[in-house]
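> below: sequence and its predicted model.
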Amino acid sequence: MDFDLQWLLLGLPVAFAFGWLASRLDLRQWKREQRESPTAYFKGLNLLLNEQQDKAIDAFIEAVQHDPDTSDLHFALGNLFRRRGEYERAVRVHQHLLNRGDLPAAERDRAQHGLAQDYMKAGLLDRAEEAWHALAGTAFDTEARLALLTLHERSRDWRAAVDDAQKLERSSATGSYASRIAHYWCELALEADAKQQTADADEALRNAREAAPQASRPIVLAGERARAAGDHAQAVQHWRAFLAAHPASFNLVARDYASSALAIGDQAAALAELQALYQRAPSLDLLAAMALIDTDACAQRRRVATHLQQHASLSAARELLSLRVAAGNSPDDAEVPLIAAAISRAAAPLQRYRCAACGFEAQHYFWQCPGCLNWDSYPPQRLEEL
């Protein structure tokens, strides 16, 4: 049968018309989606700036529904969930991004970084560690190492912390970590001593002193360990080295130093050193250490009275009043205990140490602040003496 060309001539315009109409419909739909997606996005951004996070999340979810392939919207949504404490939802967003096969490498690393932060904030430390390790060699490498260091400190995995800090030290991108490495080795030495593993403790302490020869804590710990072992001569030797290197911090060990000096019969030299240090940096701790060596009651009262006159404080007044009561020459025995108790209560808050980084106060000196976890953030003087 012959093909009729008239049908071809009639069909071409019809096909063209249908194609043109379909393209116009697709174009309109695309333009509408493009209009709706930015509108929802900017609406969410405006709500976020106005601190209306609940409504902002709803707006970003709407934007993601209109344009599910836009990774930036997913990142914004994941960050919002994390800030809101909805860590499970934040994890799902970042895992969804990682499961996308079309995601560029840089965006994949960014999603992995977000996932690691989600786990960290949620307290899932094992998953966080795995997620941070996955960022090795990426643009987030240094941040991942810092996060792993913080994570291992929180979990008290000191050997892993040593490895992390040594890697950061070698990279020389974030400063020196020698002092922190020394602290980690000191923590390992304390753990070994608690398990009565003396050889391991000795090795850890040697590593600490090699990592930071001038650091305070390894010297102090060496003196404390020698004193606990009954080797007072070695303890005095360590603490004299500490006195020479860190005189401003010596009041932390002044009483232990005095007791060890007494144990080996070296009280005259120790008293002279404490008196010389007191002239440069007066403190009640040094006076207490001197009182262990020079037990004469009149000499003790004279030293405390002079200190109170030159450095007026409630603690010094309390100490002088206690000495007067002990001497039995107080004006009214019935009232003095009441006065002493009132002064003690008033002086107690001033006898604390305060972290210079976060302000956390404690009765005892800490090498690492329990509040902000910073190292060496406590001044060696109590609040009353600052």
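Structure's in. What do you need?
> okay, the nearest residue to residue 87 once chain neighbours are set aside and residue 115: tell me how far apart.
Leaving aside its sequence neighbours, residue 87 sits nearest to residue 122 (Cβ to Cβ, 6 or more residues apart in numbering; 3.8 Å). Bear in mind the C-beta positions are built from the backbone N, C-alpha and C, glycine included. Distance from residue 122 to residue 115, counting by Cβ to Cβ, to the nearest Å: 11 Å.
> where do the strands sit along the protein?
Ranges of strands in the chain, per DSSP state E, are 353-354, 361-362.
> export these to CSV and append columns for mean pLDDT and distance to residue 227.
Compiled in CSV, the strands of the chain are given as follows (pLDDT from 0 to 100; distance: least, Cβ to Cβ, whole Å):
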stretch, mean pLDDT, distance to residue 227
strand 353-354, 92, 22
strand 361-362, 92, 23
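> looking at the ones you listed, which is buried most?
With neighbours defined as mean count of other Cβ atoms under 10 Å, the strands of the chain peak in mean count at strand 353-354, which reaches a mean of 20.
> what strands line up against it, and which way round?
Sheet pairing of strand 353-354 (DSSP bridges) gives strand 361-362 (antiparallel).
> so between residue 122 and residue 115, which is more surrounded?
Neighbours were tallied for residue 122 and for residue 115 using other Cβ atoms under 10 Å; the higher tally belongs to residue 115 (25 against 17).
> ok, back up a step: what is in contact with residue 122 and residue 115 at once?
Listed as contacting both residue 122 and residue 115 by Cβ atoms under 8 Å, 6 or more residues apart in numbering are residue 91.
> hmm, back to that, put together a markdown table for the strands of the chain, with distance to residue 304 on each row.
Converted to a markdown table, the strands of the chain look like this (distance: least, Cβ to Cβ, whole Å):
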| stretch | distance to residue 304 |
| --- | --- |
| strand 353-354 | 22 |
| strand 361-362 | 25 |
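> which of these sits closest to residue 386?
strand 353-354 (7.9 Å; Cβ to Cβ).
> residue 193 and residue 222 touch, don't they?
No - contact criterion Cβ atoms under 8 Å: residue 193 and residue 222 do not qualify, at 11.9 Å.
> so where's the stretch 1-150 of the chain shaky on pLDDT?
Along the stretch 1-150 of the chain, segments meeting pLDDT under 70 span 1-71, 73.
> how about a cut-off of 90?
Regions of the stretch 1-150 of the chain meeting the criterion pLDDT under 90 cover residues 1-108, 110-111, 121-126, 136-137, 142.
> what are the boundaries of the helices in it?
5-49, 53-66, 71-83, 87-98, 105-122, 125-133, 141-154 (DSSP state H, counting those that start in this stretch).
> what's the neighbour count on the closest residue to residue 300 other than its chain neighbours?
Nearest non-adjacent residue to residue 300, counting by Cβ to Cβ, 6+ apart: residue 291, 5.0 Å away. Using other Cβ under 10 Å, the number of residues around residue 291 comes to 19.
> do you know the pLDDT at the residue nearest to residue 189 when sequence neighbours are not counted?
Excluding the flanking residues, the one nearest residue 189 by Cβ to Cβ, 6+ apart is residue 204, at 3.9 Å. At residue 204, the pLDDT value in this model is 96.
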